[in-house]
Every structure is written in C-alpha cells, then in structure tokens.
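**Q** Predicted coordinates and the sequence they were generated for:
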Amino acid sequence: MSLARVPKNGKVAVLGGGISGLSFAYFLSKLRPDVKIDLYEKSGRVGGAINSQTLHSQDSDILLEKGPRTLRGVSNGTLLIVDILKALKKENVIQVIPKNSPANKKYLLNQSNELVQVPDGIRTFSSFLSKSGIFTPELVFGILREPFRKGVKDGRDESIEEFFTRRFGNTVLTDKVLSAIMHGIYAGDTAKLSVNTILPGLKDTETKSGSVIRGMFSKLWTSKKKKTESKGAGSAENKSEFPESLVQYEQIISPSANLSALSEQLKQFPMIKLQGGLQQLPQTIFEELKKSPNFNVNFDSHITEVDPIVGKVTSSAHGKQSVLEYDHINSTIDSKALASVLPEGSTALNEFKSALSTLEFASIFLVNAYSKSGCLIPKGKQGFGFLSPKFTKKIDSNPNALLGIIFDSDVEKHAKYLISNSGEAPDSGYSKITLMIGGHYYNQFQIPSNSRNLKIVKKILAEILQLKVDNYNLIIRDEALISDKTLPSLGPNDILISYNLYEDCIPQYNVGYGLNKKRVCDSLKELDCKMSIGGTSFGSGIGVPDCVVNGLENALNVK
Ligand SMILES: C=Cc1c2[nH]c(c1C)Cc1[nH]c(c(CCC(=O)O)c1C)Cc1[nH]c(c(C)c1CCC(=O)O)Cc1[nH]c(c(C)c1C=C)C2
C-alpha cells in the first residue's frame, strides 16, 4: 500500500519540533494550505538538536552552538535550506566559507598529540604521510595486493573495519584516518559502523570490479572519457540533475528557485553557516508556520500513546491530557521514543516496534570554551578543527574518548555573506572552540561523571592545545542546571567552559542497519497505517540537509 493523500481540510499531527518536523510541516503547509497541522514538541522551544544559545556578559554576547553549526555547501538539502531562507527574507544571514579559506583546513591528531593537516596539496600530502603514521610497509603492501584479492559479491553487510581488513589485509587506514572521520560524523566506531550504509560506493565498486583500487581507476577512466566525449559533441544532458522531490519543489512550491543556478553558485563554498547561529533556520521556519491559522504548536507536550492505525495521538501538557485523531501522523522523534509509545497490536505492529527499538545511539559530552584573549587555538593551526582517531583497536588508545574539536572562532572569522559583499568579519581576537567527547566510547564504558569529564577537558586543553591551564581562571557552567544566561565581565585570563551531556543523541548506523531500515519500512507498509517517519533514526541520513530533504519527501507523499 502507499500512504493515503490527506483529505481536503484534513488534520495532520507532527511529532517533534526539530528541523525534521518543522521542514515537513513547512512543505506540507505550502503544498496543502487547507490542511490543519498540530505540532507536538516535548520542550519549550523549536530546533531540537539545533540549539544556538547566547550568553551575555557586560561587554559582549557569546554565541554558543550546542549542536550542528555548519552545513555542507554542496547538497540537495542545502539548496532547499538556502532557497527557504531566501523565500522567507532571511538571505542576509547566510554566510559561506570559500574553497580556499583557511577555515577549511582540517587536522588529524597523531599519537604524539600533534595536529597534522589533512592534505589539500602535494606539500601537505607528503607531511601527512610522514606525520600521521599511516605510511607503513604494511599499508603499502596492502595497497599493492588489494587488486589481486578475491572480491566478495554476496552483498553481506560488514563493518568498515572488516571491509578494509578484508581488502587491504590490515587496519592502518581505518585506525589512523577513517576512524577519525567517522568520529566527526557519527561519533561512531569503524568496528561497528556498516560499510553498506555509510560507504555504499566502496562496496559497490568491489562488487562490480572485484577490487576497490581497480574499480576506482576504471571509474576515473570512464568519467574522463565521458567528459571528453560530451565536450566534443557539445551536448548538454537533458536529464535533471536533481531527484524527483527537488524537481517537484521547484515546480510546485518555489517556481522562481532556479536550483541549478544556486547549485552552481554553492559549488564554490564547501561550508555554510548562519549569522546568529544555525537556530535561525528552525526559528525562521517556525515564525512562517505561525502565520498560518491552520498551524498549531503544543510545547511541553509529552506523547503517551500513538496509534498509527487509527491515527490517534494521546499526549499530556501542563497536567492536561488530550486525545486527538488525525488523517496522518509524521513522526520525527527518535526511534526508541516512538517504539515506547506504540500500543501492543498485530504482528506487523509488533515487528515495526521491534525494528524501531533495535537502533543503537551514542551520547556526547559537549563543551564550548571561549577566551577573550584568543588563547585556545594553537598558533599556526587555524582551520575548521581536528579529529581524533581510534589509533588502535585497544579502547585505551584514546583514553580521553576525545572525538574532535571544532575551531568555531576560525570559521566565524572567515565567513563571508552570500548576498551582500560585507567581506570578512573583523578579527576581534577571541577564540572559541567546541570539544566533542564520548560517542561510541560511552557505549563501551560507563559515562564518566561531569566532574571526571571536566578533569579530562583540562587535560585535553593542556596536553593537546598546549594551554597552561593553571594560569587561567576557568568559569565553568553546567548549562542543564543554570538558566540565567548572564555572565560576569570576562578578562583576558578567563576561560568560559560551558558544558552539556547529550545522552543518546546520535543514531549509530551499525552493521545490520540497512536490513533493519527495510524491516521498519516493510512493516509500516504492511500496517496500512496513517504514519510516515522522518528524523535521523530512519530518515534520509544524519545531517541537517538530509532531514530537510526527508521532510520534503514525506510531505510530497501525502499532499
Ligand atoms: C567530533 C565530533 C563531531 C563533529 N561533528 C559531528 C560530530 C559527531 C557531527 C557531524 N559532522 C558532520 C555531520 C553530517 C552533516 C551533514 O551530512 O550534513 C554530522 C552529524 C559533517 C562532517 N564533519 C566532518 C566531516 C568530514 C563531515 C562530513 C562531510 C562534510 O560535511 O564536510 C569533520 C569534522 N567534524 C567535527 C570535526 C572537529 C571535524 C573535522 C575537523 C566535529
């Protein structure tokens, strides 16, 4: 069965006021202004994981991003986001980081606690090879042998680590490089993350060519040949470069979007941010939704039961219970939360519940640090930030469970406005960083207490960022406990440390995820019910742009 269209003047419930729920509500309200939309949000704010907070001191306002802060420039979701902000007259907050900006430099931590730049040219490539510890006879021998190793064609899922061990005979690349990249996207473990879900291109190449290296060379050759041929023929391909959902967006919702031109423009910018914080995105969408008489939001609302067959949502807010029936429910809450409010029922419903509950999550201890005198980022290491690899299979090879650190102030200082030509922001000498700690490590040992984690933070500042911590006065804030957003005036020797523990915040696309997602989709279809699901658990991916695309697809499916 496919999802039923919402009837004229029908009613739709959206569970979760994060970017996924808001995007779905926004697109549906544009496609079907007649439909009544009720949004249920458990907290008192919109945005979910996107959470920009401002602390006010006497002489400055300090913006702290507690969740995602930048967007990939080249992605379908970013095209939608930029077009939405333009349509809602917020294009003046869009900032971009050009390709050649120092803010694009990324570093990897090596085992001697040095930051080694990820190659962006020949000079950085040779220094990366020598300093990252990957240039070993083991790796060279592994690469030379790879084209002659037998390929496996059964499509069986395996971890990234298993795949690389099978193809290259060792884990040098995964331990020292890939594990870091996976820390920087999923906070996940290469020994568990699914190669079929996360790197499907690699698996595909092996299946088609029998070898990753041979397959890559053959792809390079074919694409070069295609380019020459199309140049010679002077032909432009007719097929749209965008998926059907974006084509429909341009046709129905935003006919003046010109996504092709926008896509060409954004290709120059690998990274996008919003002046005033990424929160501007959910907030702007929310302000637009609120203008509609057909939109209603229920804050502080706890969902106690969702019946996807009848379309019933039972919730309580401020001690009052409500039971309402809908023509459609779009759930964007995490899969565990959704499973916990589904009633017991048919085999298909139980199968749906069980598939939803299987997903693992990772938790993050997130610390924003700010110094007025700019002491936090090591000299000569400006850039986006650095990632810490696993180094080896042993859990104690990264005893601080550090995943990576973002150099927020470098990104802020090099951002340019997309629309106006206001140029680079003046350097006011401050530094601001975000430490990400924990992730998959917290699934292997107990999450340390906040005080233990703060000791780890000091150790990281001293040993990796080379800061003489004892010479500074640390102003420490547990943001979950402090509601007052004012700060004392900060001096040059003060360092603000603002921390939060986010439990179970990032879904882990581990081995078996693909099959499990299929179980979720199949059982949902079999239920013949009134529910679609979005969010990061079983939506289109983990990034903000993925959530927006997923919101559009779900809205188009019921329009
Ligand atoms: C250190 C931990 C983390 C850092 N970012 C995240 C974590 C867990 C979360 C995250 N980062 C990315 C995404 C996906 C976004 C999307 O698809 O839109 C998520 C959820 C993007 C990303 N970050 C890095 C890479 C290589 C990527 C993927 C490609 C891209 O968007 O360019 C690198 C990176 N992340 C962090 C650091 C410190 C870092 C590199 C220095 C922090």
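**A** The structure has been received and is ready for your questions. All figures in this text were calculated on a predicted structure; none of them were measured in a lab.
**Q** going forward, measure contacts and count neighbours with C-alpha atoms only.
**A** OK.
**Q** Could you check how many residues crowd around the residue of the stretch 451-559 of the chain found nearest the ligand?
**A** Evaluated by C-alpha to the nearest ligand atom, the stretch 451-559 of the chain has Gly543 as its residue closest to the ligand, separated by 3.4 Å. For Gly543, the tally of surrounding residues (other C-alpha atoms under 10 Å) stands at 17.
**Q** where's it relative to Ile253, distance?
**A** 23 Å (C-alpha to C-alpha, to the nearest Å).
**Q** chain center to the helix or strand harbouring Asp410, what's the gap?
**A** Element membership for Asp410 (DSSP states H and E) is helix 408-414. For helix 408-414, the gap between its own C-alpha mean and the chain's C-alpha mean amounts to 19 Å (C-alpha atoms, centre = their mean, to the nearest Å).
**Q** likewise stretch 77-93?
**A** Averaged C-alpha coordinates place stretch 77-93 at 19 Å from its chain's average position (C-alpha atoms, centre = their mean).
**Q** again with stretch 455-463
**A** Stretch 455-463 has its average C-alpha position 26 Å from the chain's average C-alpha position, going by C-alpha atoms, centre = their mean.
**Q** Just the buried positions in that stretch, please.
**A** Judged by neighbour count using 16 or more other C-alpha atoms under 10 Å, the buried positions of stretch 455-463 are Ile456, Val457, Lys458, Lys459, Ile460, Leu461.
**Q** Disregarding residues adjacent in the polypeptide, which is nearest to the third one?
**A** Read it as Lys458. Excluding its sequence neighbours, the residue lying closest to Lys458 (C-alpha to C-alpha, 6 or more residues apart in numbering) is Val469, at 6.9 Å.
**Q** do the same with the first one
**A** If the residues on either side of it in the chain are set aside, Ile456 comes closest to Asn400, at 6.2 Å by C-alpha to C-alpha, 6+ apart.
**Q** For the buried residues of stretch 455-463, please prepare JSON lines with the additional fields pLDDT and secondary structure.
**A** Below are those laid out as JSON lines (pLDDT from 0 to 100; DSSP: H, G, I helix; E, B strand; the rest coil):
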{"residue": "Ile456", "pLDDT": "97", "secondary structure": "helix"}
{"residue": "Val457", "pLDDT": "98", "secondary structure": "helix"}
{"residue": "Lys458", "pLDDT": "97", "secondary structure": "helix"}
{"residue": "Lys459", "pLDDT": "97", "secondary structure": "helix"}
{"residue": "Ile460", "pLDDT": "97", "secondary structure": "helix"}
{"residue": "Leu461", "pLDDT": "97", "secondary structure": "helix"}
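**Q** Now distance to the ligand too, for those residues, in a markdown table please.
**A** Converted to a markdown table, these look like this (distance: C-alpha to the nearest ligand atom, whole Å):
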| residue | distance to the ligand |
| --- | --- |
| Ile456 | 15 |
| Val457 | 14 |
| Lys458 | 17 |
| Lys459 | 17 |
| Ile460 | 14 |
| Leu461 | 15 |
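**Q** Just give me the closest of the residues you listed to Ser223.
**A** The closest of these to Ser223 turns out to be Ile460 (C-alpha to C-alpha; 44.6 Å).
**Q** what's near enough to touch the closest one?
**A** Applying C-alpha atoms under 8 Å, 6 or more residues apart in numbering to Ile460 gives the contacts Asn400.
**Q** Could you measure from it over to Gln268?
**A** From Ile460 across to Gln268, the span is 34 Å (C-alpha to C-alpha).
**Q** now Asp300
**A** Taken as C-alpha to C-alpha, the spacing of Asp300 relative to Gln268 amounts to 41 Å.
**Q** Also Leu515?
**A** Look at Leu515 and Gln268: by C-alpha to C-alpha, they are 37 Å apart.
**Q** Then Thr222?
**A** When distances are taken as C-alpha to C-alpha, Thr222 and Gln268 turn out to be 25 Å apart.
**Q** go on, Val313?
**A** 45 Å.
**Q** If you count surrounding residues, which of these two has more?
**A** Here Val313 and Gln268 are set side by side on neighbour count (other C-alpha under 10 Å), and the busier one is Val313, at 23 against 15.
**Q** Quick check: beta-bridge partners of the more buried one?
**A** According to DSSP bridges, the partner residues bridging Val313 are Val306, Leu324.
**Q** That one touches Leu324, doesn't it?
**A** Yes: with the criterion set as C-alpha atoms under 8 Å, Val313 and Leu324 qualify as a contacting pair; they are 5.5 Å apart.
**Q** Next to the ligand, which bits of this structure? Give me the list.
**A** Proximity of the chain to the ligand is confined to 71-72, 106-107, 181, 183-187, 384-387, 403-406, 436, 542-545 under the rule C-alpha under 6 Å from any ligand atom.
**Q** Any chance of a PyMOL selection covering the buried ones in the residues you listed?
**A** Restricted to the buried members of those, where burial is judged by 16+ other C-alpha under 10 Å, the PyMOL selection command reads as follows:
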select buried, resi 71+72+106+107+181+183+184+186+187+384+385+386+387+403+404+405+406+436+542+543+544+545
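**Q** In helices, which of the residues of the chain next to the ligand fall?
**A** Taking DSSP state H as the definition of helices, these contribute Ile181, His183, Gly184, Ile185, Tyr186, Val544, Pro545.
**Q** Now do the contacts for the residue nearest to Lys458.
**A** Contact criterion C-alpha under 8 Å, 6+ apart gives Lys458, Leu461, Ala462 as the residues in contact with Val469.
**Q** how about the nearest residue to the second one once chain neighbours are set aside, what does it touch?
**A** Same thing as Leu461. Nearest-residue entry for Leu461: Leu467, 5.6 Å, with adjacent residues in sequence omitted and distances by C-alpha to C-alpha, 6+ apart. Residues in contact with Leu467 (C-alpha under 8 Å, 6+ apart) are Cys375, Leu376, Leu461.
**Q** State the distance from the closest residue to the first one other than its chain neighbours to Pro492.
**A** The shortest distance from Cys375 to any residue other than its chain neighbours is 6.6 Å, reached at Ser431 (C-alpha to C-alpha, 6+ apart). Applying C-alpha to C-alpha, one obtains 11 Å for the distance of Ser431 from Pro492.
**Q** what residues go with each domain of the protein?
**A** 11-49+277-359+509-558, 54-72+89-105+360-507, 136-228 (automatic domain parsing).
**Q** Of those, flag the one that's most buried.
**A** Looking across those with neighbours counted as mean count of other C-alpha atoms under 10 Å, the highest average goes to domain 11-49+277-359+509-558: a mean of 20.
**Q** For it, measure first residue to last.
**A** This stretch, domain 11-49+277-359+509-558, spans 12 Å end to end (C-alpha to C-alpha).
**Q** mean confidence for it?
**A** The average of the pLDDT scores along domain 11-49+277-359+509-558 is 95.
**Q** again, but for stretch 145-155
**A** This predicted structure assigns stretch 145-155 an average pLDDT of 87.
**Q** which residues sit against it?
**A** The list of residues contacting stretch 145-155 from outside it, by C-alpha under 8 Å, 6+ apart, reads Arg167, Phe168, Lys203, Glu206, Thr207, Gly210, Ser211, Val212, Ile213, Arg214.
**Q** Tell me the one of those nearest Lys66?
**A** Taking C-alpha to C-alpha as the measure, Lys203 is the one of these closest to Lys66, at 34.6 Å.
**Q** residues in contact with that closest one?
**A** Lys203 makes contact with Gly155, Val195, Asn196, according to C-alpha under 8 Å, 6+ apart.
**Q** Mind jotting down where the strands sit in the stretch 401-550 of the chain?
**A** The residue ranges that make up the strands of the stretch 401-550 of the chain, judged by DSSP state E, counting those that start in this stretch, are 402-406, 416-417, 431-439, 473-478, 494-508, 531-533.
**Q** chain center to stretch 167-180: distance?
**A** That offset, for stretch 167-180, works out to 23 Å (C-alpha atoms, centre = their mean).
**Q** how long is it from one end to the other?
**A** For stretch 167-180, by C-alpha to C-alpha, the gap between its terminal residues amounts to 20 Å.
**Q** looking only at pLDDT, what's the mean for that stretch?
**A** The predicted model gives stretch 167-180 an average pLDDT of 94.
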